[in-house]
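**Q** Sequence isn't available, so here's the structure alone:
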């Protein structure tokens, strides 16, 4: 139970104990943890869109799905009740809506509230949040502010300048804003890009009526198949001992925990194996891709020699695995449409867009009725909100993250940014639990404020330290990380179990007042 009174708001201004910005995967997780741990505190969730779900409400392109397994992508405390390893966007949105309703989070969300600025005042130990709703200003104050806005710009995807794009007579779209009325049946489609979005779109479009789909890439990505249904999950469903466990909830919990830890071990193990033995990893991936493209049992496909040449030309990046995020395809759906020649990959550069397609630097051309520019995201940390601390503007790129959850020098502020080499939610759950516990620790100490002292050596590496194009472009605008605890972000769930362990709030950098 809360033991201290929070500062009061100026007359006529609404005050909340905690204001959460964003009602996506992270915001729902944060609010659910707070409601359970602090039922007497007032919580407000501000969401600029008209629906919850964040990414899973915004993206509507064909085939949209998780690229992490659902047993770790779902919340630890709310099991994913299916053996499906990967899930499509609508199923994930339904899951989030169900969780929000069951946890009472849906009643805390205020939709259509765009936060413009936030300001901390040490004189009153409060944040003042300036938002806009229906064109009218809205002001709130809060003791704690929690950014759950993700890391990318919801309003604008990354769009390179393609010469001649204005001359194209077909449909030119970015997947972040997929037209609901687009009929791609019988169309020739060129998908520009080679990341997770492109790898998802190509088989989905080919399987749903497109005449032909070409993935046009400047640089290949590493792509691996994984089973659409978890083999361990299917096996456990047939194990007799489950039926003998005494309670239905216990049976469900044991089943989910087994799948969850299997996938945690797999993701952490594969990542560190790849980091330590990149040459071996490259060989394994190459052999997998060759086998996936080669014709079997008289079916469609490449000869082994053709598959080897195809992989070397179009599926072998110039960097090591996990320098950029690995792309996963469920049940080899991409390999299937490539084997059947309903899709192909072209590795080249664009000279210009023409009236009827794409002219390549090599001299070739691609005819197209639809061009999809799957060229990535724009990084927009903390939603691009203007932040001031005691009147001084704050630039996130000049800050250092603490335990990947707080910022040095910024009182009573937390943020959630998930993993980039594993499920986002694994980190989000840890941050939610740890920060809820931090508020309880303040109650025990009778404190109104916490602050992290600046490290002796400011952080030098981006918090999301990977070589993907969008992260490199956004690096100057991201908080930095240090080289040692508690300022280093290891991107390792097993390590973070200790770094963000509930009850761990004592070190020389975190102070209360």
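**A** Now that the structure is in, tell me what you want to look at. The model shown is predicted, which means the values in this text are computed figures rather than measured ones. Numbering: from 1, shown residues only.
**Q** For the longest strand seen in the chain, buried residues please.
**A** Assignment by DSSP state E gives strand 136-147 as the longest strand of the chain. By neighbour count, with 16 or more other C-beta atoms under 10 Å as the criterion, the buried positions of strand 136-147 are 138, 140-147. Just so you know, the C-beta spots here come from the backbone N, C-alpha and C atoms, and that holds for glycine as well.
**Q** now swap in stretch 34-52 and tell me
**A** Buried residues in stretch 34-52, counted by 16+ other C-beta under 10 Å: 34-35, 37-38, 41, 43-49, 52.
**Q** For it, measure first residue to last.
**A** The first and last residues of stretch 34-52 sit 18 Å apart, counting by C-alpha to C-alpha, to the nearest Å.
**Q** oh, and call the first residue 168 from now on, that's how I've got it
**A** Noted, 168 is the first residue going forward, which turns the last one into stretch 201-219.
**Q** That one - what's its average pLDDT?
**A** Taken as a whole, stretch 201-219 has an average pLDDT of 97.
**Q** coming back round to it: okay, now the sheet partners of the next helix or strand after the longest strand of the chain, with direction.
**A** Remark: after strand 303-314, the chain's next helix or strand is strand 338-340, criterion DSSP states H and E. If you go by DSSP bridges, strand 338-340 pairs up with strand 537-540 (parallel).
**Q** Need the residues that contact the strand it pairs with.
**A** Strand 537-540 has contacts (C-beta atoms under 8 Å, 6 or more residues apart in numbering) with 324, 326-327, 329, 335, 337-342, 349, 351, 354-360, 365, 368, 520, 524-525.
**Q** Can you say which of those are buried?
**A** Buried among those (16+ other C-beta under 10 Å): 324, 329, 335, 337-342, 351, 354-360, 365, 368, 520, 524-525.
**Q** So which of the buried residues of stretch 201-219 are in strands?
**A** 210-213.
**Q** Please look at residue 474 and residue 460 and confirm they touch.
**A** Yes - contact criterion C-beta atoms under 8 Å: residue 474 and residue 460 qualify, at 4.1 Å.
**Q** in the chain, which spans are helices?
**A** 192-204, 222-225, 237-240, 256-270, 363-374, 398-403, 408-411, 415-443, 445-460, 471-481, 500-506, 591-612, 636-641, 660-666 (DSSP state H).
**Q** For the longest one, give the mean pLDDT please.
**A** What it means is helix 415-443. Per-residue scores along helix 415-443 average to 78.
**Q** Report the buried residues of it.
**A** 422-423, 425-427, 429-431, 434-435, 437-438, 441.
**Q** thinking again about what came up before, who touches both of residue 474 and residue 460?
**A** With C-beta under 8 Å, 6+ apart as the test, residue 474 and residue 460 both reach residue 468.
**Q** ok, and the helix or strand in this structure with the lowest average confidence?
**A** Each helix and strand of the chain was given a mean pLDDT (mean pLDDT, DSSP states H and E); the minimum falls on helix 408-411 at a mean of 45.
**Q** Just give me the residue right at the centre of the chain.
**A** residue 591 (5.3 Å; C-alpha atoms, centre = their mean).
**Q** how distant is the longest strand of the chain from the center of its chain?
**A** 25 Å (C-alpha atoms, centre = their mean, to the nearest Å).
**Q** Quick check: neighbours of it in the sheet, parallel or antiparallel?
**A** strand 181-188 (parallel), strand 293-300 (antiparallel), strand 580-582 (parallel).
**Q** Could you identify which of those is most buried?
**A** strand 580-582 (a mean of 25; mean count of other C-beta atoms under 10 Å).
**Q** what comes into contact with that one?
**A** Under C-beta under 8 Å, 6+ apart, the answer for strand 580-582 is 287, 294, 311-315, 549, 572-574, 598, 602, 605.
**Q** Could you rerun that using 6 Å?
**A** 312-314, 572-573, 602 (C-beta atoms under 6 Å, 6 or more residues apart in numbering).
**Q** Now the two most distant members of these.
**A** 312 and 572 (12.9 Å; C-beta to C-beta).
**Q** can you list the domain ranges for the chain.
**A** Following automatic domain parsing, one finds the domains of the chain at 181-322+545-679, 332-395+425-540.
**Q** most packed of those domains?
**A** Note that of the domains of the chain, domain 181-322+545-679 is the most buried (mean count of other C-beta under 10 Å), with a mean of 19.
**Q** about what we covered before: kindly present the buried residues of helix 415-443 as TSV, with separate columns for distance to residue 648.
**A** Output for the buried residues of helix 415-443, formatted as TSV (distance: C-beta to C-beta, whole Å):
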residue	distance to residue 648
422	36
423	32
425	33
426	31
427	27
429	29
430	25
431	22
434	20
435	19
437	23
438	17
441	21
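**Q** Mind picking the one among those that's closest to residue 376?
**A** Looking across the buried residues of helix 415-443 and measuring by C-beta to C-beta, the closest to residue 376 is residue 430, at 33.2 Å.
**Q** Leaving out the residues flanking it, which one is nearest to the closest one?
**A** residue 236 (4.4 Å; C-beta to C-beta, 6 or more residues apart in numbering).
**Q** go on, residue 490?
**A** residue 634 (4.5 Å).
**Q** Before we move on, what's the pLDDT of that neighbour?
**A** Residue 634 is given a pLDDT of 84.
**Q** so it makes contact with residue 492?
**A** No - look at residue 634 against residue 492 with C-beta atoms under 6 Å: they stay out of range, at 9.8 Å.
**Q** low-scoring pLDDT stretches of this protein, where are they?
**A** 168-179, 397-420 (pLDDT under 70).
**Q** Which residues are in contact with residue 427?
**A** 238-239.
**Q** and if you look at the one 3 residues further on?
**A** Going by C-beta under 6 Å, 6+ apart, residue 430 touches 236, 238-239.
**Q** Next, format the buried residues of strand 303-314 as JSON lines and append distance to residue 568.
**A** Output for these, formatted as JSON lines (distance: C-beta to C-beta, whole Å):
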{"residue": "305", "distance to residue 568": "29"}
{"residue": "307", "distance to residue 568": "25"}
{"residue": "308", "distance to residue 568": "25"}
{"residue": "309", "distance to residue 568": "21"}
{"residue": "310", "distance to residue 568": "21"}
{"residue": "311", "distance to residue 568": "17"}
{"residue": "312", "distance to residue 568": "16"}
{"residue": "313", "distance to residue 568": "14"}
{"residue": "314", "distance to residue 568": "12"}
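**Q** from the residues you listed, which single one is nearest residue 249?
**A** Closest to residue 249 out of the buried residues of strand 303-314 is residue 313 (30.0 Å), distances taken as C-beta to C-beta.
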